[in-house]
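In: sequence and predicted model, in that order:
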There are 2 protein chains.
Amino acid sequence: MSRQKSHLQKAREVLPGGVNSSTRFNRALNSPFYVARGRGSRVWDLDGNEYIDMSCAHGAGLLGNAHPLIDDALLLASKLGYVNSLETEYHEELARKVCSLIPCAERVRFCSAGSEATLHLIRACRAFTRRDKIIRIEGHFHGYHELIYIGGHPPQSEFPGNRESPFIESPGIPQVFADLIIPVPFNDREALEQVIRQHGDEAAVLILEPVNFNCACIKPEPGYLEFVRKITEEKGILLFFDEIQSSFKKNPGGAQEDFGIVPDVCTIGKALGGGLPLSAFCGKAEIMDIYQPVGPVQHSGTFNAHLVPVLTGLAFLNEISKPYFYATLSALESQFHRGMDGMIQDLDLNVVVPHYGSRFNILLGRKTPAVKYEDTFCHQNQLFLKVLRACWEKGAYFHDYGGGPLHHGYSIQHSAEDVDEVLNILEDVFREFREELVIQ
Amino acid sequence: MSRQKSHLQKAREVLPGGVNSSTRFNRALNSPFYVARGRGSRVWDLDGNEYIDMSCAHGAGLLGNAHPLIDDALLLASKLGYVNSLETEYHEELARKVCSLIPCAERVRFCSAGSEATLHLIRACRAFTRRDKIIRIEGHFHGYHELIYIGGHPPQSEFPGNRESPFIESPGIPQVFADLIIPVPFNDREALEQVIRQHGDEAAVLILEPVNFNCACIKPEPGYLEFVRKITEEKGILLFFDEIQSSFKKNPGGAQEDFGIVPDVCTIGKALGGGLPLSAFCGKAEIMDIYQPVGPVQHSGTFNAHLVPVLTGLAFLNEISKPYFYATLSALESQFHRGMDGMIQDLDLNVVVPHYGSRFNILLGRKTPAVKYEDTFCHQNQLFLKVLRACWEKGAYFHDYGGGPLHHGYSIQHSAEDVDEVLNILEDVFREFREELVIQ
């Protein structure tokens, strides 16, 4: 038995499913992917096999594994005594850097998980507007918690269902939470207009991913973000860009800089800590200063903005501010997608590879990008798991927890040779499964 | 102007209130306490002044600042490439260690913040019982989130209020969430019995701190925990010990080991990561296996159980398993409380210092420990802030965010000399404020 398999047996005895995160179970492997170590673009499994890392921690690992700048930051944290729950000058420096990079950020607060960031920021939005309801977009993801893990990803069998009583995405979330959620389709101005006509006065916030990372990397259609900015402003609804995933993938300022639309508030994260747990939420000063000790709203936590991720986050933000950084990522992006597009055309595959900066999606069953959630129902999940399994056997690690078309990508430590290697593996596998991949 | 003051001005420009956690604003200093670094039992402020650290990160810093074992763990993380969001053999080792130490833990999952731990575990309790309501105890604290930041700490002016519509502890939490919370007084069997008679069939869980850390370190009266164990079992209500604060402060197995009562599920944390962000939730296998990928309940997060805190947590659990560890803390505890009790008696102060392991509380306005929340209303908040301010000026750092009588304590790196120094400072200050401290 491989150590991978025997370890799963052991881990299941003490961890539900052998993992600390349900989505860490890779359906393509029918197992979590246990590793011994990582370096640069590579990870090694428990049996000593080497893989190109095409998950990069769901996008958090934009610096790759074991970056020397992060090693230095960890050493500095040791030297400073990693004073926990007390703040230093580095905290202010990091906050100032975020405010200089992210267009809507006049004030910011840091925490660990992305889910914490959306949770605390929703509370501020509700307190600021004195309204309770949340308008959200189908297919968008905003964290694994009761405030918003509702109405985002109804299964095809339940779709569209009754949007007045949206789909609750996990057992254990009481119905009363769903009564506060109003889902609308992405890129559909009319639907949004209608919901706002009906519920605008009760809605605290419109929350969305400006680029829908988790669901086929769907981009806003031209004019859509301008429209949401205008209509929310008119109705006193706060506009909340959840950029946990889109931030730092293409540029230092997030999708809000890229598309030139400034929300009232936003979350950023994932890559922010340079591979360590760090997320943040930010926005206009008048909204953010609703938090204690300035305003009345609670936001606390012993581990918020721990010195270790603050230092690694600072190293990350300084690095991405250097011209080479996005030039390098952009070159990898061009190389990868030139290769993919050519391959898809040559093999006449019914596949599309939408992308945003250093992250991409592989959507089966169609040749044009999706524009809304239900466009992704064509994705052949079981087939794609077989594709990714075959890639893994050839040395490229992609992560898929079976939740539809997810994002993949590379880091600053991936080389042109790495990209070529991945393209070769994908071409081999696509040829192997070609018959199934061309069927409309 | 001191750098402390000028830094607050700068920090406020980019961080609400100049901090990343509302409770990090120390009311005794009328400022956050900004530090340059820490080492062992000491921290240094931005102006170079040295202080004995009597906050120790609200109890998370049980190893003190800059422990060599944590430095080694950070180095190992660097060497392994701090692979983010992929699991290693260390994850299983840590999980197994927790299951060997904590009586109720057959399975465990790790996350960063304590608030995450209670949030995710409440979801599992609701899914497992198919009930929505939560019975909670007044004065107990279970995290800063919408599921439970309700009915815990009503201000004296609103107490007891209407327990059917409990006090919401922050603006921005919708009223409908409060309808799911049923608060009862601590150590009051009759009140609990009555609530269970009335709402038992709807209650998923009874959540409590087995020792009420945040509110005057109130201990369960003899027989109370036995009673809650029995009545919850009879009614099919899960018993949830929130040991984020009580775990590891006195022994390796938490208050559940100390009092010999095994709950169905529990949270542990704060000190668990050895000073880095790590919390966990655990319980019986049949309950914990409700999480995906085994059961249907979602619990995920990119940063759950990051390798860095997993390695520091492992170092911490190995260290506390050595006999010297709790022997040392226990000796410090005896020394400190012998000193405090003598001082209080000599000066005839109207003060009590309840404690649990390495953490203690200083409650003004009474000579006997509180047994329930409202017993702490006697605490003279403003006077105590003056006391702590005076301690700070003499070189002992205590943290107080103005939320009533909070806990303080020392670490394994505090020495008998440190304790003597703190006792001397407290005696000086108590003498200075004696007149106000003896008034009944």
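Out: Alright, I've got the coordinates.

In: now do the helices in the stretch 101-250 of chain A.
Out: A:114-129, A:175-178, A:189-199, A:224-235 (DSSP state H, counting those that start in this stretch).

In: tell me which of those is the most buried.
Out: Across those, averaging neighbours per residue (mean count of other Cβ atoms under 10 Å in any protein chain shown) puts helix A:114-129 on top, at a mean of 27. Quick note: C-beta positions are derived from backbone N, CA and C, even for glycine.

In: tell me the residues of the stretch 151-300 of chain A that contact chain B?
Out: Applying Cβ under 8 Å from any Cβ of the partner chain, one finds that the stretch 151-300 of chain A approaches chain B through A:169-177, A:179-180, A:270, A:275-277, A:288-300.

In: try it again with 7 Å
Out: A:169-174, A:176, A:180, A:270, A:275-277, A:288-289, A:291-294, A:296-300 (Cβ under 7 Å from any Cβ of the partner chain).

In: now list the buried members of the residues you listed.
Out: A:169-174, A:180, A:270, A:275-277, A:288-289, A:291-294, A:297-300 (16 or more other Cβ atoms under 10 Å in any protein chain shown).

In: extract the CA atoms of stretch A:18-26 and return them as PDB.
Out: What follows is stretch A:18-26, C-alpha atoms only, in PDB (Å, rounded to 0.1, in the frame of the first residue of the first chain):
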ATOM      1  CA  GLY A  18      -8.800  12.500   7.200                       C
ATOM      2  CA  VAL A  19      -8.700  16.300   6.700                       C
ATOM      3  CA  ASN A  20      -9.200  19.700   8.300                       C
ATOM      4  CA  SER A  21     -11.300  21.100   5.600                       C
ATOM      5  CA  SER A  22     -14.000  19.200   3.800                       C
ATOM      6  CA  THR A  23     -13.000  20.600   0.400                       C
ATOM      7  CA  ARG A  24      -9.400  19.400   1.000                       C
ATOM      8  CA  PHE A  25     -10.600  15.900   0.000                       C
ATOM      9  CA  ASN A  26      -9.700  15.700  -3.700                       C
END
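
In: contact partners of it?
Out: A:8, A:11-12, A:17, A:32-33, A:399-401, B:85, B:87, B:91, B:109-110, B:291-293, B:298-301, B:304-305 (Cβ atoms under 7 Å, 6 or more residues apart in numbering or on different chains).

In: please redo it, this time with the cut-off set to 6 Å
Out: Here stretch A:18-26 makes contact (Cβ atoms under 6 Å, 6 or more residues apart in numbering or on different chains) with A:8, A:11-12, A:17, A:32-33, A:399, A:401, B:109-110, B:291-293, B:298-301, B:304-305.

In: what of stretch A:319-327?
Out: Under Cβ under 6 Å, 6+ apart, the answer for stretch A:319-327 is A:Leu69, A:Pro252.

In: again with stretch A:97-104
Out: A:105, A:108, A:252-254, A:256-257, A:262-263, A:266, A:282-283, A:317, B:14.

In: equivalent analysis for stretch A:424-435, please.
Out: Counting by Cβ under 6 Å, 6+ apart, A:Met343, A:Leu347, A:Val387, A:Ala390, A:Cys391, A:Lys394, A:Ala396 sit against stretch A:424-435.

In: want to throw these into CSV with distance to chain B, secondary structure and neighbour count?
Out: Output for the contacts of stretch A:424-435, formatted as CSV (distance: Cβ to the nearest Cβ, whole Å; DSSP: H, G, I helix; E, B strand; the rest coil; neighbours: other Cβ atoms under 10 Å in any protein chain shown):
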residue, distance to chain B, secondary structure, neighbour count
A:Met343, 28, helix, 18
A:Leu347, 31, helix, 15
A:Val387, 20, helix, 24
A:Ala390, 20, helix, 18
A:Cys391, 16, helix, 22
A:Lys394, 19, coil, 17
A:Ala396, 15, strand, 22
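
In: coming back round to it: and of the contacts of stretch A:97-104, the nearest to A:Thr129?
Out: A:Gly283 (12.9 Å; Cβ to Cβ).

In: for chain A, name the helix or strand with the lowest mean pLDDT.
Out: Lowest by mean pLDDT, DSSP states H and E among the helices and strands of chain A is helix A:434-438, with a mean of 93.

In: just the CA trace of that one, in PDB.
Out: Provided in PDB are the C-alpha atoms of helix A:434-438 (Å, rounded to 0.1, in the frame of the first residue of the first chain):
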ATOM      1  CA  ARG A 434     -10.600  13.200 -26.600                       C
ATOM      2  CA  GLU A 435     -13.600  11.100 -27.600                       C
ATOM      3  CA  GLU A 436     -15.500  12.200 -24.500                       C
ATOM      4  CA  LEU A 437     -14.300  15.700 -24.600                       C
ATOM      5  CA  VAL A 438     -15.600  16.500 -28.100                       C
END
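
In: can you list the buried residues in that helix?
Out: Buried-residue list, helix A:434-438, by 16+ other Cβ under 10 Å: A:Leu437.

In: swap in stretch A:376-385?
Out: Buried residues in stretch A:376-385, counted by 16+ other Cβ under 10 Å: A:Thr376, A:Cys378, A:His379, A:Gln380, A:Phe384, A:Leu385.

In: among the residues you listed, which lie within helices?
Out: Residues of the buried residues of stretch A:376-385 located in helices (DSSP state H): A:Phe384, A:Leu385.

In: within reach of chain B, which of the buried residues of stretch A:376-385 are there?
Out: By Cβ under 6 Å from any Cβ of the partner chain, no member of these lies near chain B.

In: return the member of the contacts of stretch A:97-104 nearest to A:Val211.
Out: For the contacts of stretch A:97-104, the nearest to A:Val211 is A:Gly254 (9.5 Å; Cβ to Cβ).

In: contacting residues around the closest residue to A:Pro154 other than its chain neighbours?
Out: Distances taken as Cβ to Cβ, 6 or more residues apart in numbering or on different chains place A:Phe167 nearest to A:Pro154, at 3.7 Å, with adjacent residues excluded. Residues near A:Phe167 by Cβ under 6 Å, 6+ apart: A:Gly151, A:Pro154, A:Glu158, A:Gly161.
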